[in-house]
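K.L.:
Let me see the structure of the following:
(chains A and B)
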Amino acid sequence: MSKTLSICGLALAMSVALLGMPGCSKKSVQSGGDSQSTQGMSKGGADGSKSGVGNFPDTGVQSEGGGLRGLDKNPSEERVGSGTMLAKVDPSSSAGRQMDEMRAEQAASAAAGLRDVFFAYDSWTISEDGRQALTRNGDWMKSNPSTLVKVEGHCDERGTSAYNLVLGEKRAKAVRNYLVELGVGANRLSVVSYGKERPSCNEHEESCYQQNRRGHLVVKTRK
Amino acid sequence: MTQLKLVSIWSGGVLLLAGIVGILESGAADVFLEATRPDFQKISLGVVGIQNGGGPDWLGGRIEEVLKKDVKRSLVFDLVDLPSLGIQTPGIGNGTGNGSKVILRQAAEKGVSVLVWGKAGMKGLDKDADVNMEGFVYDSGSDELVGGKRYVGSPSVVRLMAHRFADELVFRYTGEPGIARTKIAYVAEQGSARELFVMDYDGYDTRQLTADGFLNLMPQWSPDRRFLIFTAYRNRNTQDIDMIELATGKRWTVISLGGLNITPALSPDGNFLAFASSHEGNSELYRLDTRTKAIQRLTVNPSGDLSPSWSPNGRELVFVSDRGGGPQLFLMSSDGSNVRRLTFEGDYNAAPAWSPRGNWIAYVCRTNKEYKLCVISPDGQKRMQLTTGPGVDDSPSWSPDGRHLVFSSTSDGKSQIYMIDADGKGIERLTFQGTHNSAPSWSPAS
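P.N.:
Alright, predicted model coming up:
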């Protein structure tokens, strides 16, 4: 009993501490889709959000039974609707904008001659080849001090989607940390993991897997 | 001080409640074991037919085909082929005529427990006119017309009428709502983007939900089926957890902490969200109280912790951690206490999903360098591999009746979505279009 109490107390203290953190409470929630959804988001989420947490609807189950009325010897007529209502999706302007931005980033990264870093299976250790590539990338960043670079962590298709997102982040962070060791300002580097969701090669073979296990550097064209 | 006192009373209440829930649950588990035992006697059911009562030629046949597949997938019934038993089935009408009595008697003599028939037609000549469907059920054990249903709706809901009737049959014989009207959310590739889609549980009627042109990953349903919660990327740089309302398409961000924010899972009562986030360093598990928005950190470990899945009573979580090297499944209480390792076989066990019946946890296990589906009992005593062969299986998700799993697999080349019985039998491919379909999530029953 006293153990339960102390765990609950600790949890309470932790959540209070989290909510009270000055850095957190200022951070407002922004849209995920940054498209037509922005409106829905700001309506539903921004007000009253704490520490980067948006609004939550009540998602508990209201009624059981699913509208089944049972069989009847003299059945009355039941109207069948379309079941779960599903909104029609608007092809948003966001998709086109993201595509344009990705092209701009690719062009800027290609012009900079930034090189990918490749990893062994299940590994986030930077190889000798990787260190050489990063030395060149680091030199470019130091001679272009106003640029911001995003480090993407990628994985091959083997393993689960979720675990590969974690692995991709480890790879991206390993790349970032090495660049920082080389003297690149940490504030110029951001990391993001795409796991196995954005492969550069789509065949089911090792030569392809090898190309997908990578840390990919992108010159950011917007913050 | 007052707060602490409240907490202590509250936890006492939980302990008391836990005892009661435990008793109730063990009862439910027994029922399930009975229905999934290898020697479980399915109820033999024959579909005499759905006749055309005016309308296009395909109408009755379509409803009959959907109904038969639903009956088969329910795993409650054994669908018998009446003609092969020598039972000719035309003209049963409403089941009360003399000719129909002969058919019913014949079927009863051949051991068919339940007979189903019906009629479908259109109310007018206009192609948008309403469709009528009548279905009747006869039980040979009690030798009586159990009853029937009369449905009306637009031609676009013909499949749903069959699904609804199938669910009524399951409800009649098990007291459960059936799964024929459930849906599956999933991710499909569009160019280099991955967008969310929803389809019926049998792979029909696919609808697109997002179109933002980047990555939308690993959707999970809210308990009330009104929302999906998933991982998305703001401007491709920042990973957030978003929600979308199915009826309106309204979408917003619910978790925006920085770093990796993945694998959201709402508790069965909707009061808590468990998720993994690396905003404090490496990937750790957190639990958000959706009413107070207080966040509690559940794991403290230099390794990666991710993929929480709730036990049906909301008291425990199964999750993945690579604290021992490779990823393994662990269990803990939903407040983060009492952590213990569940899997010991193999060096890669991930993507757990706790059965809604509570008695199994499905997951991805690596054997012979292939990623396959396994199930393990929560006490670790029983373990079974469900799939074999080449390819990567991923993202198992249970049907609400606990009798099936849906998952993605590259066994046919590109990633597609499949359904399989909980005992590893009856695999059925659900998606055939597109270059990549993955991360299926089965909706709760309505």
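
K.L.:
Would you mind listing where chain B has pLDDT under the threshold?
P.N.:
Applying pLDDT under 70 to chain B flags the ranges B:1-40, B:89-99.

K.L.:
tell me the contacts of the one residue sitting closest to the centre of it?
P.N.:
Most central in chain B under C-alpha atoms, centre = their mean is B:Ser399, positioned 2.4 Å from the mean C-alpha point. Listed by C-beta atoms under 8 Å, 6 or more residues apart in numbering or on different chains, the contact set of B:Ser399 reads B:Ile179, B:Thr182, B:Tyr201, B:Leu405, B:Val406, B:Trp442. For glycine as for every other residue, the C-beta is placed from the backbone atoms N, C-alpha and C.

K.L.:
quick one, phi/psi of the residue lying closest to B:Tyr186 once chain neighbours are set aside?
P.N.:
Leaving aside its sequence neighbours, B:Tyr186 sits nearest to B:Pro440 (C-beta to C-beta, 6 or more residues apart in numbering or on different chains; 4.4 Å). As for B:Pro440, its main-chain torsions (degrees, to the nearest 10) stand at phi -70, psi 150.

K.L.:
Whichever residue of the stretch 301-446 of chain B sits closest to chain A: neighbour count?
P.N.:
With C-beta to the nearest C-beta, the shortest gap between the stretch 301-446 of chain B and chain A falls at B:Ser446, namely 3.6 Å. Look at B:Ser446: counted by other C-beta atoms under 10 Å in any protein chain shown, it has 22 neighbours.

K.L.:
so it makes contact with B:Lys183?
P.N.:
No - look at B:Ser446 against B:Lys183 with C-beta atoms under 8 Å: they stay out of range, at 9.1 Å.

K.L.:
I'd like the distance between B:Pro268 and chain A.
P.N.:
9 Å (C-beta to the nearest C-beta, to the nearest Å).

K.L.:
Check B:Lys42 too.
P.N.:
B:Lys42 is 19 Å from chain A, by C-beta to the nearest C-beta.

K.L.:
How about the contacts made by that residue?
P.N.:
Counted by C-beta under 8 Å, 6+ apart, B:Lys42 has contacts B:Leu75, B:Val76, B:Phe77, B:Asp78.

K.L.:
Report pLDDT for A:Ser31.
P.N.:
As predicted, A:Ser31 sits at a pLDDT of 36.

K.L.:
Could you do A:Val61 as well?
P.N.:
80.

K.L.:
That one contacts B:Arg226, doesn't it?
P.N.:
No - A:Val61 is beyond contact range of B:Arg226, at 10.1 Å (criterion: C-beta under 8 Å).

K.L.:
between those two, which one's more packed in?
P.N.:
Set side by side, A:Val61 and B:Arg226 show more neighbours around B:Arg226, with 19 against 15, by other C-beta under 10 Å.

K.L.:
wait, isn't B:Ile63 in contact with B:Val157?
P.N.:
No - contact criterion C-beta under 8 Å: B:Ile63 and B:Val157 do not qualify, at 10.9 Å.

K.L.:
which one of these two has more residues nearby?
P.N.:
B:Ile63 (27 against 22).

K.L.:
Does the more buried one belong to a helix, a strand or coil?
P.N.:
helix (DSSP: H, G, I helix; E, B strand; the rest coil).

K.L.:
list the contacts for it?
P.N.:
B:Ile50, B:Gly118, B:Ala120, B:Met133, B:Val158, B:Met161, B:Ala162.

K.L.:
same deal with B:Asp305?
P.N.:
By C-beta under 8 Å, 6+ apart, the neighbours of B:Asp305 are B:Ala276, B:Ser283, B:Glu284, B:Leu285, B:Leu298, B:Thr299, B:Phe319, B:Val320, B:Ser321, B:Arg323.

K.L.:
again, only using 10 Å
P.N.:
A:166, B:263, B:276-278, B:282-286, B:298-299, B:319-323, B:327, B:330, B:332, B:339 (C-beta atoms under 10 Å, 6 or more residues apart in numbering or on different chains).

K.L.:
okay, now B:Gly141: neighbour count?
P.N.:
Counted with other C-beta under 10 Å, B:Gly141 comes out at 9.

K.L.:
what are the phi and psi angles of B:Gln416?
P.N.:
Dihedral angles for B:Gln416 - degrees, to the nearest 10 - are phi -130, psi 170.

K.L.:
B:Ile179 too?
P.N.:
Per degrees, to the nearest 10, the backbone of B:Ile179 is at phi -120, psi 0.

K.L.:
returning to that earlier point: any residues in contact with both of B:Ile63 and B:Val157?
P.N.:
With C-beta under 10 Å, 6+ apart, B:Ile63 and B:Val157 have common neighbours B:Val131, B:Met133, B:Tyr151, B:His163.

K.L.:
Okay, the third one and B:Gly135: tell me how far apart.
P.N.:
Counting by C-beta to C-beta, to the nearest Å, the gap between B:Tyr151 and B:Gly135 amounts to 8 Å.

K.L.:
got any residues that touch both of the two?
P.N.:
With C-beta under 10 Å, 6+ apart, B:Tyr151 and B:Gly135 have common neighbours A:Pro75, B:Ile63, B:Gly118, B:Ala120, B:Met161, B:Ala162, B:Arg164, B:Phe165.

K.L.:
Narrow those to those in strands?
P.N.:
Using DSSP state E, the subset of the shared contacts of B:Tyr151 and B:Gly135 located in strands is B:Gly118, B:Ala120.

K.L.:
returning to that earlier point: looking at the contacts of B:Lys42, which is nearest A:Gly96?
P.N.:
B:Leu75 (46.1 Å; C-beta to C-beta).

K.L.:
Is the closest one in contact with B:Arg403, as I believe?
P.N.:
Yes - applying C-beta atoms under 10 Å, one finds B:Leu75 in contact with B:Arg403, separated by 4.8 Å.

K.L.:
Just the shared contacts of B:Ile63 and B:Val157: which are in helices?
P.N.:
The helices in this structure, assigned by DSSP state H, contain B:His163 from the shared contacts of B:Ile63 and B:Val157.
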